[in-house]
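**Student:** only geometry, no sequence info:
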């Protein structure tokens, strides 16, 4: 009666002893491509009209400029991964003059890898002029841009210095990444 | 059906349904110190008396990720990401008995003891952070990425145990076991709180977005890490394993009530205890609230040769001040994952081969039916709640020396888990081999879990 057991038991034990992993291909993980899109704040400032006068010397400052490190771009993985970047610069101009604004990306002090400049139109203290600049940077410029480790802003009042009010800037970037499994 | 669905949302990790209530295997005492016992003494083959390995993942199989399938692998992984949730988990549990022994004292008392090594890891799927890494935050403005999704625990320890099992009257077996835990390595990140959200500023930020860290409390506790740094000598490893780590104390209790020879119920509570991590402890902790606005430029009037302010360093310093990452060295206590087993069994058919064909239990002698069916329940306390499993089983004592037990288990890993165990008694030599998910053994890549147990003992019966 139990003779069948002698056939059954090896049949039951066999899977335990011969179990395996098959129908898999780990190499295909190298074909994985993910494309996250990351939104981050960048620089912001508010320049009051009186900042166009040097507080020490009392002389006018015809151009204002400032620069900051942005070490997050100065990374080989980031440089290889970013395929496009959309920069958004929002201005509220509470002054009565136009400005030429230059945003530049630099490697080191003087090596400009990418820059963009535009005019921010005049507004008024009680009636600010909003101005939005969208700068889409794709290949091949993006490769130059991502070599930068500094970001600089130059604000050039056109014609005359502001008599009152302020210039406000907000900015953000949308980085389009492409990361593959290789 | 509702019960099955509920169980399907929960899970097992250290469940051993094939060994529970299996009197022919001495290791069943480890699952219920109040189990019924057939032998009068036993000693396990050192290092070979009990090995258990359980690997599992809920919600995804290896085949889902790297299976040879048509279609784009990236799209497939996107589907996996969409289907997993933050209660899905990956687990590895392994036990190796170094020593196991027991002996009867008088008619009704049985002492047992031993040492085993255990490795236990569970990590929940960090859904929010995987989504952030996979897709970014652009299309997920206002969504709070929760730090609670980061939940993981790893423990490597040795356990020294000694227990007693007492038959009381005709119906009861009760037992208890004391355990001394020796933690060799413990790493955990539990009870994290807070979130990260990117929203349009709406007054919360001077820039376009408000990147908000809200009530963030994130920590990683470690104990024993430095023991494994540098060159770990075999002598050092043995010393750490033999009470050289952080110690803890716990107990198991259990009992069995036999209504008669056919029907019995049993239950046990295991690992009620804690480990007191006091030496070589490091806890890395970040706590804080912050709205990240970006970098604010001041356009200072600089004299010739002056450098602009180090804005980025200032930004980093402000962030570190708002959400400091501290390293703490204070001792902490960690509870063991307590487990509950329960079962009901019903014997039927003729007497088992080799068993006296009478109702001998009332005379204090072993008696067993040829066949047995039963229900078993298992629950374990895990970081994100109790995980459960339910099993039905059929046991057949084929010969004096051989029995087969098969189980069907429902848990979070699977609703089609068939288990198979075989126990052989060849003279005094006892051997067992058991495995769950046996239907998947032909291709483990399609299985959500794998559990195997085997061991060898010598059992002795008084003539």
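**Tutor:** That came in fine, so what should we check first? Values in this document were obtained by computation on a predicted structure and should not be read as measured data.

**Student:** tell me how far whichever helix or strand residue B:405 is part of lies from the chain's centre.
**Tutor:** According to DSSP states H and E, residue B:405 maps onto strand B:402-410. Remark: strand B:402-410 is offset 21 Å from the chain centroid, using C-alpha atoms, centre = their mean, to the nearest Å.

**Student:** ditto for stretch A:62-79
**Tutor:** Stretch A:62-79 sits 10 Å away from the centroid of its parent chain (C-alpha atoms, centre = their mean).

**Student:** just stretch B:157-172 next, same as before
**Tutor:** 23 Å.

**Student:** and residue 60, what does it touch?
**Tutor:** Here I'm looking at chain A. A:52-54, A:161 (C-beta atoms under 8 Å, 6 or more residues apart in numbering or on different chains). Where you see a C-beta, it was placed from the backbone N, CA and C, and this is true even at glycine.

**Student:** you looked at the wrong chain, it should be chain B
**Tutor:** Counting by C-beta under 8 Å, 6+ apart, residue B:60 has contacts B:80, B:83-84, B:88, B:448.

**Student:** just the buried members of the residues you listed?
**Tutor:** The neighbour count (16 or more other C-beta atoms under 10 Å in any protein chain shown) marks B:80, B:84, B:88, B:448 as buried among the contacts of residue B:60.

**Student:** what about the helix or strand where the first one lies, near chain A?
**Tutor:** Same thing as residue B:80. Using DSSP H and E, residue B:80 sits in helix B:73-83. Yes: against chain A, helix B:73-83 shows contacts by C-beta under 8 Å from any C-beta of the partner chain at B:73-74, B:77.

**Student:** following element in sequence after that helix, please.
**Tutor:** Following helix B:73-83 toward the C-terminus (DSSP H and E): strand B:89-105.

**Student:** so what are the sheet partners of that following strand and their directions?
**Tutor:** Using DSSP bridges, the strands paired with strand B:89-105 in its sheet are strand B:41-44 (antiparallel), strand B:51-57 (antiparallel), strand B:109-124 (antiparallel).

**Student:** mean pLDDT and mean neighbour count added to these, as TSV?
**Tutor:** As requested, the strands paired with strand B:89-105 are exported to TSV (pLDDT from 0 to 100; neighbours: other C-beta atoms under 10 Å in any protein chain shown):
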stretch	mean pLDDT	mean neighbour count
strand B:41-44	96	22
strand B:51-57	91	21
strand B:109-124	96	20
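
**Student:** out of the ones you listed, flag the one nearest residue B:399.
**Tutor:** strand B:41-44 (20.4 Å; C-beta to C-beta).

**Student:** ok, residues contacting the closest one?
**Tutor:** In contact with strand B:41-44 (C-beta under 8 Å, 6+ apart) are residues B:26-27, B:50, B:97, B:99-104, B:112, B:114, B:430, B:455-460.

**Student:** let me see the contact set for residue B:286.
**Tutor:** So residue B:286 contacts B:216-219, B:323-326 (C-beta under 8 Å, 6+ apart).

**Student:** apply 6 Å and report the result again.
**Tutor:** Listed by C-beta atoms under 6 Å, 6 or more residues apart in numbering or on different chains, the contact set of residue B:286 reads B:218, B:323, B:325.

**Student:** got any ranges where chain A has weak pLDDT?
**Tutor:** Under the criterion pLDDT under 70, the flagged ranges of chain A are A:1-19.

**Student:** so which residues of the chain form helices?
**Tutor:** Since you didn't name a chain, this refers to chain A. A:3-18, A:76-81, A:141-145 (DSSP state H).

**Student:** switch to chain B, please.
**Tutor:** B:2-9, B:28-31, B:62-66, B:73-83, B:127-135, B:234-239, B:311-322.

**Student:** winner for burial among those?
**Tutor:** helix B:28-31 (a mean of 26; mean count of other C-beta atoms under 10 Å in any protein chain shown).

**Student:** name the surrounding residues that touch it.
**Tutor:** For helix B:28-31, contacts defined as C-beta under 6 Å, 6+ apart pick out B:16, B:19-20, B:22, B:35, B:112, B:341.

**Student:** count the residues that sit near residue A:134.
**Tutor:** Using other C-beta atoms under 10 Å in any protein chain shown, the number of residues around residue A:134 comes to 10.

**Student:** can you name the residues bridging to it?
**Tutor:** As for beta bridges, residue A:134 partners with residue A:88 under DSSP bridges.

**Student:** roughly how far apart are it and residue B:306?
**Tutor:** 34 Å (C-beta to C-beta, to the nearest Å).

**Student:** ok, now residue A:102?
**Tutor:** The value you get for residue A:102 to residue B:306, if C-beta to C-beta is used, is 21 Å.

**Student:** contacts only, for residue B:164.
**Tutor:** With C-beta under 6 Å, 6+ apart, residue B:164 has these contacts: residue B:111.

**Student:** does stretch A:101-109 come close to chain B?
**Tutor:** No: using C-beta under 6 Å from any C-beta of the partner chain, stretch A:101-109 never reaches chain B; the gap is at least 9.6 Å.

**Student:** can you report how many residues lie near the closest residue to residue B:284 other than its chain neighbours?
**Tutor:** Among residues not flanking residue B:284 along the chain, residue B:220 sits closest, at 4.7 Å (C-beta to C-beta, 6 or more residues apart in numbering or on different chains). By other C-beta under 10 Å, the residues close to residue B:220 number 16.

**Student:** residue B:330 now?
**Tutor:** For residue B:330, using other C-beta under 10 Å, the count is 9.

**Student:** now swap in residue A:45 and tell me
**Tutor:** 22.

**Student:** do you know how far residue A:93 is from residue B:92?
**Tutor:** Residue A:93 is 61 Å from residue B:92, by C-beta to C-beta.

**Student:** more crowded one of those two?
**Tutor:** Each of residue A:93 and residue B:92 has its neighbours counted (other C-beta under 10 Å); residue A:93 has more, 24 against 16.

**Student:** need the nearest residue in space to the more buried one, chain neighbours excluded.
**Tutor:** Residue A:93 sits nearest to residue A:123 (C-beta to C-beta, 6+ apart), 3.9 Å away.

**Student:** for the one you found, give its distance to residue A:117.
**Tutor:** 19 Å.

**Student:** okay, those two: which has more neighbours?
**Tutor:** Neighbours around residue A:123 and residue A:117, counted as other C-beta under 10 Å, are more numerous at residue A:123. The numbers are 21 against 12.

**Student:** ok, the residue nearest to residue A:93 - contacts?
**Tutor:** Listed by C-beta under 6 Å, 6+ apart, the contact set of residue A:123 reads A:93-94, A:129.

**Student:** chain A contacts on chain B?
**Tutor:** So far as C-beta under 6 Å from any C-beta goes, chain B lies against chain A at B:66-68, B:73-74, B:134-138, B:206-209, B:293-297, B:299, B:301, B:308, B:311-312, B:398, B:420, B:435, B:438, B:441, B:443-445.

**Student:** which of the residues you listed count as buried?
**Tutor:** Buried among those by 16+ other C-beta under 10 Å: B:66-67, B:73-74, B:134-138, B:206-209, B:293-297, B:299, B:301, B:308, B:311-312, B:398, B:420, B:435, B:438, B:441, B:443-445.

**Student:** list the contacts of residue 105.
**Tutor:** If you meant another chain, say so; for now it's chain A. Contacts of residue A:105 by C-beta under 6 Å, 6+ apart are A:113-114, A:145, A:148, A:151.

**Student:** wait, chain B was what I had in mind.
**Tutor:** residue B:111.

**Student:** leaving out sequence neighbours, find the closest residue to residue 165.
**Tutor:** Defaulting to chain A. residue A:94 is the one closest to residue A:165 (C-beta to C-beta, 6+ apart), at 3.5 Å.

**Student:** not quite, go with chain B.
**Tutor:** Per C-beta to C-beta, 6+ apart, closest to residue B:165 is residue B:175, 3.9 Å.

**Student:** who wins for most neighbours among the contacts of residue A:105?
**Tutor:** Within the contacts of residue A:105, neighbour counts (other C-beta under 10 Å) peak at residue A:151, which reaches 26 neighbours.
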